[in-house]
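**Q** this one's sequence-less:
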C-alpha cells in the first residue's frame with residue numbers, strides 16, 4: 001500500500017511582494033496527523049507562508065502541494081480550516097448565528113440541517129463558548145472573538161488546520177486549554193495542524209518545528225532534536241544559537257584561490273607531461289596551401 005503524501009510539501013517555494021522577495025526558495029514538509037509549529041519573530045514570513053498554503057497568496061512560485069494537490073485547488077476548500085490573526089466573524093450576528101452561517105456554506109441543503117446543528121454545538125463546546133453562544137460577536141472580548149474564528153475553522157472535518165497565532169491575547173489558562181484541544185484533534189481525529197507563533201514556549205507543545213528567520217527556514221526538526229543539535233536547554237535557546245550561527249556564516253569571508261594573470265604575448269607551453277606535437281608533412285599529391293586558397297587563373301596571352 002503506497003504511503004500517503006505529507007500534508008504539505010514545498011520545494012523552492014518563493015513569494016515576491018513588489019520588488020522584494022518575502023520567502024526565499026523554501027524546502028520543507030509537514031507530516032500528517034501531527035502539530036507542526038511555525039515559529040519565528042514578527043515579520044519573518046510566517047503569515048505569508050500560511051496564506052500560500054491555503055491558496056490566498058499572490059506571486060507564488062516553486063512547488064507547493066497540500067494534501068496531495070496544488071495549493072489553492074478548489075477541491076481543498078472543504079478539507080482545510082484556516083484561522084487568520086484578525087477574527088473573521090460578523091459583529092451583528094451571535095456566536096451561534098455566525099457558526100450556523102458558515103456551516104450552511106460548508107454543508108448546504110435542508111437535508112443537512114440536523115448535521116449542521118450538531119456540528120455547531122460541537123465546535124461551541126470545543127472552544128468553551130457555550131455560555132456566550134447567544135451573545136453578539138461584537139460584544140465579545142478579543143480573545144472570545146478569536147475563539148469564534150477557531151470554531152468556524154473546526155466546522156466539518158478538516159484534514160488540515162492552518163492557525164495563524166491562535167493564542168495571541170489569551171490568558172494562560174485558555175492557552176493551555178486550547179493546546180490540549182489541538183493535541184486531542186491531532187490524536188483523536190488524525191488532523192494535521194500547522195500553527196504559527198512568536199512565543200517560543202509554545203514550541204515545546206509541538207511535535208515538529210519549522211524555525212523561520214528573514215524569509216528562510218533555519219531548522220526543520222523535532223524540539224528534542226533541536227535541543228540536542230545545539231546543546232541548548234530550551235527551544236528558544238536553540239533558536240538563538242541557530243540565529244547566531246547563521247549570522248556568523250553570512251559574515252565569514254569566502255575563501256577563493258587566485259592565479260597569476262598570463263601574459264597574452266607569451267606563447268602557451270604544453271603541460272610538462274604532454275608530448276610536444278611535431279608537424280606532419282602534407283600527404284603526397286595534395287595541395288599544401290590552406291583550405292580556401294586557390295591559385296590565380298592564368299589568362300591567355
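**A** Everything's here; your move. Given the structure is predicted, the values throughout are model-derived calculations rather than measurements.
**Q** Can you name the residues bridging to residue 30?
**A** Beta-bridge partners recorded for residue 30 (DSSP bridges): residue 8.
**Q** What is the neighbour count of it?
**A** Neighbours of residue 30 under the rule other C-beta atoms under 10 Å: 23. Just so you know, the C-beta spots here come from the backbone N, C-alpha and C atoms, and that holds for glycine as well.
**Q** Tell me which residues touch it, please.
**A** Listed by C-beta atoms under 8 Å, 6 or more residues apart in numbering, the contact set of residue 30 reads 6, 7, 8, 9, 36, 192, 194, 208, 210.
**Q** rerun that using 10 Å as the cut-off
**A** By C-beta atoms under 10 Å, 6 or more residues apart in numbering, the contact list for residue 30 reads 6-10, 36, 38, 53, 66, 160, 162, 192-194, 208, 210, 220.
**Q** Please apply the same query to residue 220.
**A** With contacts taken as C-beta under 10 Å, 6+ apart, residue 220 has the following neighbours: 26, 27, 28, 29, 30, 36, 208, 209, 210, 211, 226.
**Q** again, 6 Å this time
**A** The contact partners of residue 220, by C-beta atoms under 6 Å, 6 or more residues apart in numbering, come to 28, 210.
**Q** Wasn't residue 96 part of a helix?
**A** Yes - residue assignment for residue 96, taken from DSSP: H, G, I helix; E, B strand; the rest coil, places it within a helix.
**Q** if I look at it, how far off is residue 82?
**A** 21 Å (C-beta to C-beta, to the nearest Å).
**Q** So those two - more neighbours on which side?
**A** Here residue 96 and residue 82 are set side by side on neighbour count (other C-beta under 10 Å), and the busier one is residue 82, at 22 against 18.
**Q** Give the phi and psi angles for that one, as a check.
**A** Here the main-chain torsion angles of residue 82 (degrees, to the nearest 10) amount to phi -130, psi 130.
**Q** Show me what it is bridged to.
**A** According to DSSP bridges, residue 162 are recorded as the beta-bridge partners of residue 82.
**Q** Which pLDDT value does the model give it?
**A** Listed pLDDT for residue 82 reads 94.
**Q** same question, residue 290
**A** The confidence metric pLDDT takes the value 47 at residue 290.
**Q** which element is the residue nearest the centre of the chain on?
**A** Compute the mean C-alpha point of the chain, and by C-alpha atoms, centre = their mean the closest residue is residue 49, 4.7 Å away. Mapping residue 49 onto the secondary structure by DSSP states H and E places it in helix 46-54.
**Q** Show residues contacting that helix.
**A** Outside of helix 46-54, the residues that reach it under the criterion C-beta under 6 Å, 6+ apart are 8, 15, 22-23, 38, 40, 57, 60, 66, 71, 80, 82, 162, 164, 196, 212.
**Q** before we move on, what about stretch 112-132?
**A** If you take C-beta under 6 Å, 6+ apart as the criterion, stretch 112-132 is touched by 95, 99, 100, 103, 107, 133, 147, 150, 151, 154, 155.
**Q** at 7 Å instead, please
**A** Residues lying outside stretch 112-132 but in contact with it, judged by C-beta atoms under 7 Å, 6 or more residues apart in numbering, are 95-96, 99-100, 103-104, 107, 133, 140, 144, 147-148, 150-151, 154-156, 177, 181.
**Q** Many thanks, I have nothing further to ask.
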